[in-house]
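[1] The following comprises the amino acid sequence and a computationally predicted model.
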Amino acid sequence: MPPCDPESKVCENGVKNQQSFWNTPGTSGFRKYPTFREQGVKSPDRWLEGKRIDDDIGPYWRVHDKLYDLSSFIEKHPGGRDWLLATRGTDVTELFESSHISLAPEALLAKFYVKDAEKPRNSPFTFREDGFYKKFKSKVRPILQKVGTGPSRKMLMIMDGITTVFITLTLIATITQSAFIASIAGITLSLASIASHNFSHQRDNWRMYVIDLSMLCSYDWRITHVLSHHPFPNTFYDLEVARLEPVLVLLPDPGKNLMQRFGCRIYEYLIYPIHFYLNALKKYYLIIRGEEQFRPELLLPGLELVVMALIAPSIWGAIWIWFVVHTSNSCFWAAIALVLSHHHPDAYHEGDRQREDLDWGLCQLDATRDRAEIVGNLFLVVTTLGDHSLHHLLPTVDHSKLPYIYPVFFEMCKEYNIPYRFYSQWEMFLGKYRTLANNTPSTQLPGYKPHND
Ligand code: HEM
């Protein structure tokens, strides 16, 4: 049976193509429609559960067309144990290829070989030795061997500096009871937790927990963002896209109603201030029901409140300032994260025509866009998700090292005839609304769509 097929309107796993836009040219290249997506897969653990069903490889890990038993390697994995624990029973090809620059992991992998996979991969993406991505990686390897892949001193100063400013402003706001200072502290918390995103892709480190101060769970974030969004941006398997539905529908589904297409311009701003609270409430609800595991880092926002209560004029004063900080953070975070990197209509969204060469690196570029104004400014890059195309190609490489890669990247764009260009912030801002309003999948090759701004 072919992959999810517009003619048959049924996927390999028997799920009906309920999304009408699958019936247009292009369509998804995945063999299966993600299990649980139709019921609204909103929890990261549930997404992994669905992926285990879709990948169907038993208790192993799949890399390309081979199955491995990494059980004895989980605790020894230099990147941290959670990556392998979470992905047991799934195809980790995209993650394995994009997380490692050196050739050491590939050599090590052979030790854990069990057998060949019986079925083709669910994912359509390829990693041919002579394809764009493998070639790109072989060109950047010597550069990164020289400059390293970890954070530079400047990056650490930025990250630790913003976190310190956040703590200081929160303490001042609590003592003075200033809502204005508290809202600035909230913006600083946004900047710190977005910068912490850089560290959440790397081997386990304490800076990745800064995101927990925002009432987001760093473990869940690694699933929704690193394991789901990064390998499969703007596709059905991108949980960051799925979790926004049906409130914000970023895929070009002809079934979108007028409210979803245009009303969202107003109602999204009503959701911004509360979405982190809703997220935290849902998390605790699932923990109480025994469906998700409690993690100590989830206590960080509560600990913040306890410290504030110790220095505030009253308990109510501490609670008030805590709410102002987190509401401001919730608004600012949503505004940045949603606009900046993927949702211009020029970027590929599931349902649009796919390129013929499904090299994973090329497809990453199709689904990602970069902003011009922030290039070269490390502070703005790391706090607003800049250098995003390179980050998607090399997610574990620290943002401070990405500028060394641009010359090779531009060279390869020329070689592969990729019309790469930087977009303005304004184009990206307006582009998000055009994407939300769009209910017609593109029939043009990604990257070559007409530009109407
Ligand atoms: C779900 C799949 C995997 C993910 C998400 C993952 C992720 C990572 C991360 C984030 C790092 C740290 C990178 C850094 O900060 O420089 C790392 C390092 C490493 N991983 Fe993995 N990994 C995966 C599977 C594997 C497998 C299957 C092996 C080998 C059997 C492996 C071997 C290594 C080695 C040797 C390193 C040390 C750095 C290097 O030599 O590249 N990993 N991994």
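    On my side now, so go ahead. What you see is a predicted model; the values in this text were computed from it and never measured.

[2] Excluding chain neighbours, what is closest to the closest residue to the ligand within the chain?
    When scored by C-beta to the nearest ligand atom, the chain has residue 79 as its residue closest to the ligand, at 2.6 Å. Yep, even glycine has a C-beta here, placed from its N, CA and C like the rest. Distance criterion C-beta to C-beta, 6 or more residues apart in numbering; nearest residue to residue 79, sequence neighbours excluded, is residue 203 at 4.7 Å.

[3] Is the residue of the chain closest to the ligand part of a helix or strand, or is it coil?
    Secondary structure of residue 79, reduced to three states by DSSP: H, G, I helix; E, B strand; the rest coil: coil.

[4] pLDDT below threshold where in the stretch 351-453 of the chain?
    For the stretch 351-453 of the chain, applying pLDDT under 70 flags the ranges 447-453.

[5] Spell out which residues of the stretch 251-400 of the chain are next to the ligand.
    Residues of the stretch 251-400 of the chain lying near the ligand by C-beta under 6 Å from any ligand atom: residue 396.

[6] Domain map for the chain?
    31-127, 142-149+342-437, 153-217+257-330 (automatic domain parsing).

[7] Including mean neighbour count, could those go into a markdown table?
    As requested, the domains of the chain are exported to a markdown table (neighbours: other C-beta atoms under 10 Å):
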| stretch | mean neighbour count |
| --- | --- |
| domain 31-127 | 17 |
| domain 142-149+342-437 | 19 |
| domain 153-217+257-330 | 18 |
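
[8] Out of those, which is closest to residue 134?
    domain 31-127 (5.9 Å; C-beta to C-beta).

[9] Where do the strands of the stretch 251-400 of the chain begin and end?
    370-371 (DSSP state E, counting those that start in this stretch).

[10] Find the centremost residue of this structure, please.
    residue 225 (3.0 Å; C-alpha atoms, centre = their mean).

[11] Just give the closest residue to it, not the sequence neighbours.
    residue 240 (6.6 Å).

[12] Check whether the one you found sits in a helix, strand or coil.
    Applying three-state DSSP: residue 240 is helix.

[13] So what touches stretch 384-395?
    By C-beta atoms under 8 Å, 6 or more residues apart in numbering, the residues outside stretch 384-395 that reach it are 98-99, 101, 133, 136, 140, 194, 197, 201, 226, 230, 233, 336-337, 340-342, 361, 364-365, 367-371, 374-375, 377, 380-381, 397, 399, 402-403, 405-406, 409, 420.

[14] Please give the centre-to-centre distance between it and its chain.
    10 Å (C-alpha atoms, centre = their mean, to the nearest Å).

[15] end to end, how far does it reach?
    15 Å (C-alpha to C-alpha, to the nearest Å).

[16] Check stretch 63-77 too.
    OK, stretch 63-77 end separation, C-alpha to C-alpha: 16 Å.

[17] Tell me the confidence at the residue in the chain sticking out farthest from the centre?
    Going by C-alpha atoms, centre = their mean, the residue of the chain most distant from its centre is residue 313, 40.2 Å out. In this model, residue 313 is scored at 96, pLDDT.

[18] Not counting its neighbours along the chain, what's nearest it?
    residue 177 (6.5 Å).

[19] In contact with the one you found, which residues?
    By C-beta under 8 Å, 6+ apart, the neighbours of residue 177 are 312, 313, 317, 320, 321.

[20] distance of the second one from residue 321?
    What that stands for is residue 313. 10 Å (C-beta to C-beta, to the nearest Å).

[21] Just give me the neighbour total for residue 255.
    By the criterion of other C-beta atoms under 10 Å, residue 255 has 12 neighbours.

[22] And the pLDDT at it?
    Residue 255 is given a pLDDT of 87.

[23] So what does it have for phi and psi?
    Main-chain dihedrals, residue 255, degrees, to the nearest 10: phi -80, psi 0.

[24] I'd like to know how far it sits from residue 440.
    Residue 255 is 12 Å from residue 440, by C-beta to C-beta.

[25] Ok, residue 57 next?
    Taking C-beta to C-beta, one finds residue 57 at 36 Å from residue 440.

[26] Just to check, the residue nearest to residue 79 is in contact with residue 81?
    No: contact criterion C-beta atoms under 8 Å: residue 203 and residue 81 do not qualify, at 10.8 Å.

[27] Between the two ends of stretch 199-211, how far is it?
    10 Å.

[28] what is the rounded mean pLDDT of that stretch?
    Mean predicted confidence for stretch 199-211 is 97.

[29] Give me the residues contacting it.
    78-80, 82, 150-151, 159-160, 163, 192-193, 195-197, 218, 221-222, 225-226, 230, 297, 300, 395-396, 398.

[30] just stretch 309-328 next, same as before
    170-171, 173-175, 177, 179, 182-187, 189-190, 214-215, 273-274, 276-277, 301, 304-305, 308.

[31] Looking at those residues, which are in helices?
    170-171, 173-175, 179, 182-187, 189-190, 276-277, 301, 304-305, 308 (DSSP state H).

[32] quick one, strands of the stretch 1-150 of the chain?
    61-63, 66-68, 113-116.

[33] Can you convert these into CSV and add a column each for mean pLDDT and distance to the ligand?
    Formatted as CSV, those follow (pLDDT from 0 to 100; distance: least, C-beta to the nearest ligand atom, whole Å):
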stretch, mean pLDDT, distance to the ligand
strand 61-63, 98, 6
strand 66-68, 98, 7
strand 113-116, 98, 10
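
[34] Could I get the ones you listed in TSV, plus columns for distance to residue 128?
    Output for the strands of the stretch 1-150 of the chain, formatted as TSV (distance: least, C-beta to C-beta, whole Å):
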stretch	distance to residue 128
strand 61-63	15
strand 66-68	16
strand 113-116	19
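
[35] just so I know, which of these lies nearest residue 445?
    That would be, of the strands of the stretch 1-150 of the chain and by C-beta to C-beta, strand 61-63, which comes in at 29.2 Å.

[36] now what about that closest one, what contacts it?
    Outside strand 61-63, the residues touching it (C-beta under 8 Å, 6+ apart) are 55, 67-70, 84, 87-93, 96, 109, 117, 121.

[37] Now find how far off-centre that strand is within its chain.
    On C-alpha atoms, centre = their mean, the centre of strand 61-63 falls 21 Å from the chain's centre.

[38] follow-up on the earlier one: looking at the contacts of strand 61-63, which are in helices?
    55, 84, 87, 93, 96, 109.
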